[in-house]
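In: Just the structure for this:
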Amino acid sequence: MNLDLPRTTTAGTCNPTIAQLEELNEMLNILVSGIETLTNDEQCLTHEALQIQITLSTLAAEQSKVKLSIEESNIFLEGVKHNQDLSSLQEKVDDLQFNAQSERLTSIYSPPFYSSPNGYKMRACLYLNGNGNACCIRMSLFFVLMRDLNDPILKAFAEYNRDQYIPTKVQNSEYKCLITDANDLDTGRFYDPRTRQTFKFDHLRREPSDYEHYQPDEKSEIWRLALEKELTVYIKERYPYGSCTVIGRSNIDTITLATFIESHKFEPKNFWNGRWRSNWSFTFSKGQHTCELTGLIKVQVHYFEDGNVQLVSSKDITEIIQLQDEIMTAKEIIRIIRQAEDNYQQAVNENYQVMSDSTFKALRRQLPITKAKIDWEKITAYKIGSELKNI
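Out: Residues are numbered from 1 along each chain as shown. Below is the predicted model of the structure:
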């Protein structure tokens, strides 16, 4: 009896401990389950956040489309406002019909539309009786530009104008200024050394504006003026539709002069256009007796009556000139330019003669498609035979 009492007491003492351990184990299981639930909830929330971000970006894109749609609707409504009166609308329709029937130049413009969701705004123009240039053009597409310096189409216009030496009429001058890389100030402005002024240039309309005074380079100006005077006389003698610009620059010990010549004549009604371009430049330092004159002549002619024929030709020229004073040096340069351009013009004419006499004849078919020569003395008999077959 006495031996069993301590054993009973020990069992009674361990039972509460085991119960506490079991309770702790259950609590740990509950905590682990809660952590797993929180982890799953976190993953679900992360996925939902990604879905919301995608939805927001889609909504932003749709919002821009809606804005464009609203703009187009407003433009359409503005047009409807002017045509709410049925009588005025009927008058416009009658006028349009009358002009079309009387073969007058009549055009209809479409509302703006977009080349793609992120593309350019465009408009179509329908010419009911042609566009008046004898080219049988019935429809044209127009880009509505953003009028921004970063617009890639405007950049293309600017690059084209500089490359083609486009002439523009500036204020206070009877002479035109050429648009080139040499007188580009990289701020949308160009300078005319002849009138000593800078101006903004609209590459789309080809119009100058916002004139400001320009201080020329003092070191090279006396040389530039002498060359400009001689070149102007040369242009008047040789190019009835020509223009020229002379640019002068200097650094510590050298002077650089560049001349640009442009002459064009466009005859779209006669189905041809043509342009002549040339530029000449040289650099020298004080005390130098000779220097190298480099030139580039470019000619482009386009003939498009019942076809598409173009002449695109260029020639690089290098000459050594003797440096004297500014007046004699200018005369020597013009002499070299005159001789080089005359020789080039003569070479082009000779090549045309060679092409006419040999090249074009070589392209002609040697025999008819039947591979047999025609006996022209019996051509009447051939005709009578074909007529008899049709009886």
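In: Can you list the low-confidence ranges for this structure?
Out: The chain contains residues with pLDDT under 70 at 1-14, 72-109, 113-121, 127-152, 379-391.
In: Checking the spatially most central residue of it next. Helix, strand or coil?
Out: Nearest residue to the geometric centre of the chain (C-alpha atoms, centre = their mean): residue 156, 2.1 Å. Under the three-state scheme (DSSP: H, G, I helix; E, B strand; the rest coil), residue 156 adopts helix.
In: Same check on residue 54?
Out: Applying three-state DSSP: residue 54 is helix.
In: Could you give the number of residues near it?
Out: Close neighbours of residue 54, defined as other C-beta atoms under 10 Å, add up to 10. Yep, even glycine has a C-beta here, placed from its N, CA and C like the rest.
In: residues in contact with residue 288?
Out: Residue 288 sits next to residue 323 when contact means C-beta atoms under 8 Å, 6 or more residues apart in numbering.
In: Recalculate using a threshold of 10 Å.
Out: When contacts are counted by C-beta atoms under 10 Å, 6 or more residues apart in numbering, residue 288 touches 253, 254, 255, 323.
In: just residue 313 next, same as before
Out: Neighbours of residue 313 in contact, by C-beta under 10 Å, 6+ apart: 297, 298, 299, 300, 301, 344, 347, 348, 351.
In: got it, and residue 274?
Out: Counting by C-beta under 10 Å, 6+ apart, residue 274 has contacts 241, 263, 264, 265, 266, 267, 299, 300, 301, 302, 303, 311.
In: 6 Å instead?
Out: 265, 301 (C-beta atoms under 6 Å, 6 or more residues apart in numbering).
In: Can you tell me the element it falls in?
Out: Counting by DSSP states H and E, the element that carries residue 274 is strand 272-285.
In: neighbouring strands for the helix or strand following that strand, and are they parallel or not?
Out: Per DSSP H and E, strand 272-285 leads on to strand 290-303 as the next helix or strand towards the C-terminus. The pairing partners recorded for strand 290-303 under DSSP bridges are strand 272-285 (antiparallel), strand 309-322 (antiparallel).
In: which one of these lies closest to residue 170?
Out: strand 272-285 (19.6 Å; C-beta to C-beta).
In: Now do the buried residues in the closest one.
Out: 273, 274, 275, 276, 277, 278, 279, 280, 281, 282, 283, 284 (16 or more other C-beta atoms under 10 Å).
In: Going by distance to residue 197, which of these wins?
Out: residue 279 (22.1 Å).
In: Could you measure from the nearest residue to that closest one once chain neighbours are set aside over to residue 183?
Out: By the measure of C-beta to C-beta, 6 or more residues apart in numbering, the closest residue to residue 279 outside its immediate chain neighbours is residue 260, 4.9 Å from it. Distance of residue 260 to residue 183, given as C-beta to C-beta, to the nearest Å: 9 Å.
In: okay, those two: which has more neighbours?
Out: residue 260 (24 against 21).
In: Can you tell me the SS state at that one?
Out: Assignment for residue 260 (three-state DSSP): strand.
In: Give the bridge partners for the residue nearest to residue 332 when sequence neighbours are not counted, please.
Out: Nearest non-adjacent residue to residue 332, counting by C-beta to C-beta, 6+ apart: residue 321, 5.5 Å away. Applying DSSP bridges to residue 321 yields these beta-bridge partners: residue 291.
In: quick one: residue 321 and residue 193, what's the gap?
Out: 21 Å.
In: More neighbours: which of these two?
Out: Higher neighbour count among residue 321 and residue 193: residue 193, with 21 against 16, using other C-beta under 10 Å.
In: Contact partners for the residue nearest to residue 279?
Out: Per C-beta under 6 Å, 6+ apart, neighbours of residue 260: 165, 178, 180, 245, 279.
In: which SS state does the third one fall under?
Out: Same thing as residue 180. coil.
In: for it, what are its contacts?
Out: 162, 165, 260.
In: so the last one bridges to which residues?
Out: When bridges are called by DSSP bridges, residue 260 pairs up with residue 245, residue 279.
In: Now do the SS call for residue 371.
Out: Assignment for residue 371 (three-state DSSP): coil.
In: Begin at 800 from now on, thanks
Out: New numbering, starting at 800: the last item is residue 1170.
In: Now it: phi and psi?
Out: phi 70, psi 20 (degrees, to the nearest 10).
In: Now for it, how many residues are close by?
Out: Quick note: residue 1170 (other C-beta under 10 Å) scores 7 neighbours.
In: any idea how far it is from residue 1159?
Out: For residue 1170 relative to residue 1159 (C-beta to C-beta), the value is 22 Å.
In: same thing with residue 863?
Out: 56 Å.
In: Skipping adjacent residues, who's closest to residue 957 in space?
Out: residue 1002 (4.4 Å).
In: Same check on residue 1062?
Out: Nearest non-adjacent residue to residue 1062 (C-beta to C-beta, 6+ apart): residue 1041, at 3.7 Å.
In: For the one you found, the count of nearby residues, please.
Out: 18.
In: Quickly note the distance from it to residue 1059.
Out: In terms of C-beta to C-beta, residue 1041 sits 11 Å off from residue 1059.
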